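Undergrad: Here's my sequence, what's the structure:
(4 chains)
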Number of protein chains: 2
Amino acid sequence: MRALHHPDVSTISLPTMLNALADEVRLMVVRQLAEAGGVVCGQFDVPVSMSTLSHHLKVLREAGLLRVTPEGSFRRHELRLPEMETRFPGVLSSILKTTP
Amino acid sequence: MRALHHPDVSTISLPTMLNALADEVRLMVVRQLAEAGGVVCGQFDVPVSMSTLSHHLKVLREAGLLRVTPEGSFRRHELRLPEMETRFPGVLSSILKTTP
DNA sequence: GTCGGATTTCGACGTTTGTCAAAGCCTCGA
DNA sequence: TCGAGGCTTTGACAAACGTCGAAATCCGAC
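TA: Residues are numbered from 1 along each chain as shown, chains lettered A, B, ... in the order given. You can find the predicted model right below:
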């Protein structure tokens, strides 16, 4: 398995982060992660195909919002909330507080 | 002058708002508005042509972030911060607190 | 090693986006 | 009424995006 790249949050720009969150599907993913802690890829409840979900997860990961850890043949996804709060205080947390 | 449409903030979705803010130029505009209060179109300091700026202002207005009032031959732009705070508490204000 | 399940990558496709120059529209003042 | 200034609209274009199915990859179990 190729090592997954997780950018240092200090290198993430605000537009990059906001762009990652400015999509209905990705917002669903982030909300589900915030609620459930770690979520395995196949367990997200989203109305798109597996390959599209995979694409969205990549966008979120490259924007510094997700940490992905292989667990056997699964992949566990977690929100990098503490780090994002350090980089952009209040932004992600206030977004998560909005009602879907 | 055709009447300018300002959507009711209650009809704005979070992705729409975030998408409007997920652009370097539009973020510059919003920051300048937050600092200066009302800003006339021609006075924004952005690295794009007038027509492109006009396009970005339209995106921001349609996302409920701006109120535009004709003043003679000028157009005054204001951030709809209080309304957006009601709709999505903390989101816009925390974004404005980040350093450019 | 091989099979099967989980996930990603690859093409491909249509849509949306950001950009500019040119043309158009509005308002004010002469 | 005419002209000029301020802004928007139009038309064009390349680039980026969201989507899918099919093929490829990876991992654990048999």
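Undergrad: Just the residues contacting the helix or strand bottoming out on mean pLDDT in chain A, thanks.
TA: Counting by mean pLDDT, DSSP states H and E, the weakest-scoring helix or strand in chain A turns out to be strand A:39-40, with a mean of 86. Where contact means C-beta atoms under 8 Å, 6 or more residues apart in numbering or on different chains, the residues beyond strand A:39-40 that reach it are A:32-33, A:71, A:74-77. Every residue, glycine included, has its C-beta placed from N, CA and C.
Undergrad: and chain A, which residues reach DNA strand C?
TA: Of all the residues in chain A, those in contact range of DNA strand C (C-beta under 7 Å from any atom of the strand) are A:2, A:40-42, A:50-51, A:53-55, A:57-58, A:68, A:73-75.
Undergrad: Can you see whether the helix or strand containing residue A:55 contacts DNA strand D, counting any residue in it?
TA: When secondary structure is defined by DSSP states H and E, residue A:55 falls within helix A:50-62. Yes - with C-beta under 7 Å from any atom of the strand as the measure, helix A:50-62 is seen reaching DNA strand D through A:50-52, A:55-56, A:59.
Undergrad: Could you export that helix as PDB, CA atoms only?
TA: As requested, C-alpha coordinates have been extracted for helix A:50-62 and formatted as PDB (Å, rounded to 0.1, in the frame of the first residue of the first chain):
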ATOM      1  CA  MET A  50     -18.000   4.000  -4.500                       C
ATOM      2  CA  SER A  51     -15.600   5.500  -6.900                       C
ATOM      3  CA  THR A  52     -17.100   9.000  -6.500                       C
ATOM      4  CA  LEU A  53     -17.000   8.700  -2.800                       C
ATOM      5  CA  SER A  54     -13.300   7.700  -3.000                       C
ATOM      6  CA  HIS A  55     -12.700  10.800  -5.000                       C
ATOM      7  CA  HIS A  56     -14.300  13.000  -2.400                       C
ATOM      8  CA  LEU A  57     -12.400  11.400   0.400                       C
ATOM      9  CA  LYS A  58      -9.200  12.100  -1.500                       C
ATOM     10  CA  VAL A  59     -10.200  15.800  -1.800                       C
ATOM     11  CA  LEU A  60     -10.900  16.000   1.900                       C
ATOM     12  CA  ARG A  61      -7.700  14.200   2.800                       C
ATOM     13  CA  GLU A  62      -5.600  16.500   0.600                       C
END
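Undergrad: what packs against the helix or strand following it?
TA: Where DSSP H and E defines the elements, the next helix or strand beyond helix A:50-62 is strand A:66-71. With contacts defined as 3 or more C-beta pairs under 8 Å, 6 or more residues apart in numbering or on different chains; DSSP states H and E, strand A:66-71 has these neighbours: helix A:50-62, strand A:74-79.
Undergrad: Could you check how far residue A:98 is from residue B:33?
TA: In this structure, residue A:98 and residue B:33 are separated by 22 Å, where distance is defined by C-beta to C-beta, to the nearest Å.
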